[in-house]
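J.: Have a look at this prediction, sequence included:
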Amino acid sequence: SAVISQKPSRDICQRGTSLTIQCQVDSQVTMMFWYRQQPGQSLTLIATANQGSEATYESGFVIDKFPISRPNLTFSTLTVSNMSPEDSSIYLCSVPEGTSGRAREQFFGPGTRLTVL
Amino acid sequence: AQSVAQPEDQVNVAEGNPLTVKCTYSVSGNPYLFWYVQYPNRGLQFLLKYITGDNLVKGSYGFEAEFNKSQTSFHLKKPSALVSDSALYFCAVRDIKASGNTPLVFGKGTRLSVIA
């Protein structure tokens, strides 16, 4: 299974500032996913980051607010821009498992817990 | 469109008793179904998945899940609950026609509390 690390593990930020979250995978992966988990709610997909192309954003999420970089096959960043208290969430990086074809599960990083004051 | 429903926000069970966490799904075709567990301050951990074949799937930590196509359900079960099973549980689905790189669709989660 892939080992995924995220930095920072948590942060407390001021309204109007930006935070960049890093995701590092111990193996090369084509696709990486970024999810948001708001308090007491499910995981919501923010975007899919495919190395070598622009990220694909889900409805309700825009590149200006959540710019994503994918410089190589093991690393991605998600920036939360111009933060407001509504952005307080856990942000999770995820990658598909590599061998099971259409039935592959996903592996998740430990998450970044963001609190915006 | 794919979706997952977890009808219970919270499930409480006494230690040693059997536990069930419910999940129903909706896909246009046939599903691949998954269960994940999230312990406090941790990421999601994969427990088990249904692909095809035997409707009873066994996974990690003594958990199992039963696929029921007629009821479009995939309930998570364990014969004897442990206090350490207390966590947040997520059911997820992907249509079998979708690429393996298609992200999973998750339910809202069910918090399991096992009481000693």
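T.: Done, it's in.

J.: next one: phi and psi at B:Tyr61?
T.: phi 60, psi 30 (degrees, to the nearest 10).

J.: scratch that, A:Ala103 is what I was asking about
T.: phi -90, psi 10.

J.: Run through the residues of chain B sitting next to chain A.
T.: Residues of chain B lying close to chain A by CB under 8 Å from any CB of the partner chain are B:32, B:34, B:36, B:41-46, B:49, B:51, B:90, B:94, B:96-101, B:103-104, B:106-109. Placement of C-beta: from N, CA and C, glycine included.

J.: Make a PyMOL selection of whichever of those turn out to be buried.
T.: Buried members of the residues of chain B next to chain A, defined by 16 or more other CB atoms under 10 Å in any protein chain shown, are picked up in PyMOL with:
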select buried, chain B and resi 32+34+36+43+44+45+46+49+90+94+98+100+101+103+104+106+107+108+109
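
J.: Okay, and which of the residues of chain B next to chain A map to strands?
T.: Using DSSP state E, the subset of those located in strands is B:Tyr32, B:Phe34, B:Tyr36, B:Leu44, B:Gln45, B:Phe46, B:Lys49, B:Phe90, B:Arg94, B:Phe106.

J.: Next one, pLDDT for the fourth one please.
T.: Meaning B:Leu44. On pLDDT, B:Leu44 comes in at 91.

J.: For it, which residues are in contact?
T.: B:Leu44 is in contact with A:Leu43, A:Leu92, A:Ser94, A:Phe108, B:Tyr36, B:Val37, B:Gln38, B:Phe90, counting by CB atoms under 8 Å, 6 or more residues apart in numbering or on different chains.

J.: any low-confidence regions in chain B?
T.: Scanning chain B for pLDDT under 70 picks out no residues.

J.: For the residue positioned nearest the centre of it, give the beta-bridge partners.
T.: Closest to where the C-alpha atoms of chain B average out (CA atoms, centre = their mean) is B:Trp35, at 3.4 Å. In this entry, B:Trp35 is beta-bridged to B:Leu48, B:Cys91, by DSSP bridges.

J.: For the most centrally placed residue in chain A, list the residues it contacts.
T.: By CA atoms, centre = their mean, the mean C-alpha position of chain A lies nearest to A:Trp34, the distance being 3.0 Å. Taking CB under 8 Å, 6+ apart, we find A:Trp34 in contact with A:23, A:45-49, A:66, A:68, A:76, A:78, A:91-94.

J.: All set, thanks.
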